[in-house]
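**Q** 3D, please:
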Amino acid sequence: MNASLSSKSDGQQSSFGHCERASTYLWNSLSMSSGVSSTGLDNMIQLLACDLLLSLRTTLWQKQMNTSQAVGETYHASASELTGFQRDLGSLRKLAHSFRSAYRKVFLHEATVRLMAGASPTRTHQLLEHSLRRRTPQSSRQGELDALPGQRERATAILLACRHLPLSFLSSPGQRAVLLAEAARTLEKVGDKRSCNDCQQMIVKLSGGTAIAAS
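**A** As a prediction, this is how the structure comes out:
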C-alpha cells in the first residue's frame, strides 16, 4: 500500500511539474501579446490552455484530498499548489480583459482557489452562484463554437458546491440529486467522463444507493 501511495505521489508531482512549465509558457505568451492586436484564434488557444491548466490543478488537488481522506487525514493545499493556481488565475483574468469569453470562467476558478485555501464559504458560494445561473444559447458565430455558453461551468459549479460547501449552503438532498443529474448529462456531452462519474457517485450517496437516471 505504501508503495502504491508513493507511486501516486510521484505521478502527481510529475503532473504538477508539467503544469508549472506550461504555466510559464502561457504567461509568456500573454505577455508577448499584451498591447498587440491578437486574433480570435490566438485568444481561443490561450483560453483553452489556461482553462485546461486550472482544471488539471483542480483535479490534482482533489486527488490529494481524496487520498488524505481515505486514511482519515485532512488535506490542505500546499503553498506551491496555491501559488501555481493563482498564477494561472492571473493569466485568465488578464485574458478576460480583452477576450470576453474568458470572463465567465473567472468566477468558477476564483471559487475553486478559495476552496483549496479553506476560505470562508460565504464568498465562495457567491462566486459559484455566478456559474450556476442559467444562460440562453447564443446564435452568433462564437456561439457555434460553444453552443451552450456557460453550461460546462454550471455543471462544474454544481459538482464543486455539492462536494465541498457546507450543507447549510445547499438545497435539499432531492434537489441536489436533480442538479447533479443535470450536471452529469452536461459533462457526459462534453466528454468529461471522470466528472460525470463523480456526479453519479454523489447521486447514489444522496439517494441511499439508488441512482437517479441522468438521461
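**Q** low pLDDT regions in this protein?
**A** Applying pLDDT under 70 to the chain picks out residues 1-10, 35-38, 134-149, 209-215.
**Q** Would you map the helices across it?
**A** For the chain, applying DSSP state H gives helices covering 2-33, 40-70, 79-96, 103-117, 121-132, 141-145, 151-164, 173-189, 193-206.
**Q** and the angle for the last one with helix 173-189?
**A** Helix 193-206 and helix 173-189 meet at an angle of 160 degrees, taking axes from the mean of the first three to the mean of the last three CA atoms, to 10 degrees as the criterion.
**Q** Going forward, the N-terminal residue is numbered 52.
**A** Noted, 52 is the first residue going forward, which turns the last one into helix 244-257.
**Q** Can you name every helix or strand that helix 244-257 contacts?
**A** When contacts are defined as 3 or more CB pairs under 8 Å, 6 or more residues apart in numbering; DSSP states H and E, helix 244-257 sits against helix 202-215, helix 224-240. The way it works is simple: take the backbone N, C-alpha and C, and place the C-beta from them, glycine included.
**Q** With the fourth one instead?
**A** In terms of contact count using 3+ CB pairs under 8 Å, 6+ apart, helix 154-168 is assigned the packing partners helix 91-121, helix 130-147, helix 172-183, helix 202-215.
**Q** deepest of the helices and strands packed on helix 244-257, which one?
**A** Mean neighbours per residue, mean count of other CB atoms under 10 Å, is largest over the helices and strands packed on helix 244-257 for helix 202-215, with a mean of 22.
**Q** Put the alpha carbons of it into CSV.
**A** Presented in CSV, the C-alpha positions along helix 202-215 are these (Å, rounded to 0.1, in the frame of the first residue of the first chain):
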residue,chain,number,x,y,z
GLN,A,202,-23.2,25.1,-19.3
ARG,A,203,-20.0,23.3,-18.6
GLU,A,204,-19.1,26.0,-15.9
ARG,A,205,-22.6,25.5,-14.4
ALA,A,206,-22.1,21.7,-14.3
THR,A,207,-18.7,22.0,-12.7
ALA,A,208,-20.0,24.6,-10.2
ILE,A,209,-22.8,22.2,-9.2
LEU,A,210,-20.3,19.4,-8.6
LEU,A,211,-18.0,21.7,-6.6
ALA,A,212,-20.8,23.1,-4.5
CYS,A,213,-22.3,19.7,-3.7
ARG,A,214,-18.9,18.2,-2.9
HIS,A,215,-17.3,21.0,-0.9
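**Q** Roughly how far does residue 64 sit from residue 131?
**A** Residue 64 sits 10 Å away from residue 131, taking CB to CB, to the nearest Å as the criterion.
**Q** ok so, going back, out of the helices and strands packed on helix 154-168, which comes closest to residue 250?
**A** Counting by CB to CB, residue 250 lies closest to helix 202-215 out of those; the figure is 5.9 Å.
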